[in-house]
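# sequence and predicted structure below; questions after.
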Amino acid sequence: MKSELSVLEACKYAGIHIPRFCYHEKLSIAGNCRMCLVEIDKVPKPVASCAMPIINNMSIYTDSPLVKKSRENILETILLNHPLDCPICDQGGECDLQDQAKTFGGDFSRFYVDKRGVEDKYCGPLIKTIMTRCIHCTRCVRFCIDVIGLDSLGTLNRGNNTEIGTYVSKVFESEISGNVIDLCPVGALTSKPYAFKARSWELRSAESIDLLDGFGSNIYINSKEGAVIRITPKINFFLNESWISDKARFFYDSLTNQRVKKILIKASKDEEFTVLSLKGFKEKIGSLFSKTFLSNINDTFFFYKNVETKDIVCSLIVNESLDLETFLYIKYFVNQSKFLNVSFRSIDSFNVSENNHLSNIQNKISDLNKHSHLCFLFGSNPKVECTLLNTKLRAKYVNQNFRMFGLGLKSENNLPINFINLKLFEIFEFLGGKHERIPNIFAFFSNSPIFFFGESFNKRSCIDCRKLFCLIRSLFPFSSLISVDLKSNSCGTKYLNVRSLGTKLIDKTRLFFCLNLFDNNLTRKMLKLGKSKLFWFNTHGSSFALKASLIGPFFSSYEIESLFMNLEGRVQQTSNLSVSSNDFSTQWYEQAILFKGKRYKEFKSIANVFEIVKNQKIFNDLNFRFVRTLNYNFSKSGIYSKYPLKPSVEDFFISTDNYCKNSATLAECSRTVRKLSN
């Protein structure tokens, strides 16, 4: 009886290592390197173990003289045209060909012919190619076809003239193109920003997570002499498998570019900024405001209270990229401050009166493995909003009878999506089977469809969004609802009930205390200063920060140990990196802003913070307000948002947060993509 398990996989589970070049567990079987040859009883020739299925009572020999000689001959053939430039190759120390030639190869070659040369290809600003080193394993070709869904790379010519390249000279355009660097077993495809910077044995590695979207991909951050110089994926079969996005791989130069390193202050709009020390901050900050007095709470935090009016004095405005520990610090402190005129809000969900998030439903990404044939996208394009989630959708489309419908404006994707431009009240009719354009669409599919809600849908302030969640649950009890978050901790923000910023609050605020906000059109529109003052604490500088009365440094979440909750409610931890920017940002934040380096007893460790997040013991406002009523009656004359449902991300590389915006590598990628689209 045959099995779907191959001989190579069975040997791996048995603890027996079989060398290979072309085989990869996430790609289709090619069987063209022949390095994984094994000997099978009663079979006259060695067979490729990656393509040979397991059969009952099979006798396999992986270390026989025939197998050893076969591997030696194959390596001799592979090295026939391979250049001997290991000292200058960026793959040195991590090269599969080096390791296997040392272990299984011979000490001489029988061929004395000139090595051939292959012209290098231009694949864009991220991938460096030296195609003479290519051994034609076709991993990159199969990755483009199987995972990305493009035919960017292919095999040209035959025999000794075979080479990997593009049919037409063009840029390798994909949001996950950098993964071919990890797939290449030799130095044919390497990282262009990493070229000639370090060797593998010189690097210090730390486990962390990708904070550039809500998916939470697992990564390794490699640093040398206090500087991050490379990021590679960490295998997690439940999340990102063995892939990461190009943003997560190449953003790291922004950890040092344009960082705010000093405290800057100015007395009026016309004056220039002057450098202020920590001691000078405590002494001079009270002179910035009139008709206020300084309230010193345990000598740790400063609030300003207007004596004559009842306006809200201080509003701490944050985005949804801060870690859970920081949210806990701030919420605990605000709750203990006993000042009613202190507000703690999130700017990402502006004017959302109730919490529309799906955090409490707790659907997992593993729900995509369910036998569902139908998927709906509500104002979402996972290709640019959550790239790794889109790869899972594509795998489901390739392996199953899976159809996707986009309810909103059309957007580009590498999946065939049927777009239906509907208004909000028409969506209710559509889901109820009453819409005249597409009746009975659910009759041909299972009763467990998958619904994706993009950020443009989640940020709507109308109560019909929550009614829609309840309508879907009532019509399809076994359906899966997944919120595609752009921020790394959007789910954790809603879990801790960090409320949204509103227009009324802005009008009453006299001091905006902004923590690590992204300088975009939303921020500029919301924070209309007028008579209000602005304290801007951020990792990076920006033009909008020049309007502030005080600018201070802020720590990067990659530089401390902290917890984040991804879009499925999974809590993950980042690592503490010993990088140069950690000193001025983390020390300033802990000592000058919140706790002067003295943490409360509830926050002794990351594990203890996780218990607080899990048990919710110390807060009095964590009741998650979710409308569970099944009353989803609607009226066309009611108040509905007129804005179309469309993805909120236009530029994948630089339009999501401060790290992407300040990365020179990602800026070059953005320019390249714009040139191709023009």
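Sure, I can see it.

# quick check: next helix or strand after the helix or strand containing R142?
Following DSSP states H and E, one finds R142 within helix 139-143. Going down the chain from helix 139-143, the next helix or strand is strand 154-156, by DSSP H and E.

# mean confidence for that next one?
Averaged across strand 154-156, the pLDDT comes to 89.

# elements contacting it?
Under the contact criterion of 3 or more C-beta pairs under 8 Å, 6 or more residues apart in numbering; DSSP states H and E, strand 154-156 touches strand 163-165. The way it works is simple: take the backbone N, C-alpha and C, and place the C-beta from them, glycine included.

# buried sites along the strand it packs on?
Buried positions in strand 163-165, judged by neighbour count with 16 or more other C-beta atoms under 10 Å: 164-165.

# parallel or antiparallel, list what pairs with that strand.
strand 154-156 (antiparallel) (DSSP bridges).

# next one: the partner strand to chain centre, how far?
Mean-position distance between strand 154-156 and its chain equals 31 Å (C-alpha atoms, centre = their mean, to the nearest Å).

# just the strands in the stretch 301-450 of the chain please.
301-306, 314-318, 342-346, 374-378, 403-407, 417-420, 450-453 (DSSP state E, counting those that start in this stretch).

# now render the ones you listed as CSV, adding mean pLDDT, distance to T326 and mean neighbour count.
Shown next, in CSV, are the strands of the stretch 301-450 of the chain (pLDDT from 0 to 100; distance: least, C-beta to C-beta, whole Å; neighbours: other C-beta atoms under 10 Å):
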stretch, mean pLDDT, distance to T326, mean neighbour count
strand 301-306, 40, 14, 19
strand 314-318, 81, 8, 23
strand 342-346, 73, 11, 21
strand 374-378, 87, 30, 24
strand 403-407, 86, 35, 20
strand 417-420, 85, 37, 16
strand 450-453, 86, 26, 24
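
# mind putting the ones you listed in TSV, distance to L264 included?
Below are the strands of the stretch 301-450 of the chain laid out as TSV (distance: least, C-beta to C-beta, whole Å):
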stretch	distance to L264
strand 301-306	17
strand 314-318	19
strand 342-346	24
strand 374-378	43
strand 403-407	46
strand 417-420	47
strand 450-453	40
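
# and of the ones you listed, who's closest to F251?
Among the strands of the stretch 301-450 of the chain, strand 314-318 comes nearest to F251, with 20.9 Å by C-beta to C-beta.

# re the thing from before, which strands or helices does the helix holding R142 pack on?
Packed next to helix 139-143, using 3+ C-beta pairs under 8 Å, 6+ apart, are helix 179-183.

# right, so of the strands of the stretch 301-450 of the chain, which gets closest to N157?
Taking the strands of the stretch 301-450 of the chain one by one with C-beta to C-beta, strand 417-420 is closest: 36.3 Å.

# so V275 touches I263, yeah?
Yes - with contacts counted by C-beta atoms under 8 Å, V275 reaches I263, the gap being 6.9 Å.

# more neighbours: these two, which one.
I263 (22 against 10; other C-beta atoms under 10 Å).

# any idea what the more buried one is bridged to?
Going by DSSP bridges, I263 forms beta bridges with L276.

# can you give me the end-to-end distance of stretch 490-508?
26 Å (C-alpha to C-alpha, to the nearest Å).

# buried residues, it. List them.
So, applying 16+ other C-beta under 10 Å, buried residues of stretch 490-508: 490-502, 505-506, 508.

# do stretch 671-678 as well
Buried, per 16+ other C-beta under 10 Å, within stretch 671-678: 672-673.

# start at 83 instead
Understood, numbering begins at 83; the last thing we discussed is stretch 753-760.

# avg pLDDT for it?
84.

# pLDDT weak spots in the stretch 483-632 of the chain?
506-507, 510-511, 513-529, 542-549, 611-613 (pLDDT under 70).

# to R116, which of the strands of the stretch 383-532 of the chain lies closest?
strand 485-489 (39.1 Å).

# tell me how far the closest one lies from the chain's centre.
With C-alpha atoms, centre = their mean, you get 23 Å for strand 485-489.

# with stretch 353-361 instead?
For stretch 353-361 - counting by C-alpha atoms, centre = their mean - the centre lies 36 Å from the chain centre.
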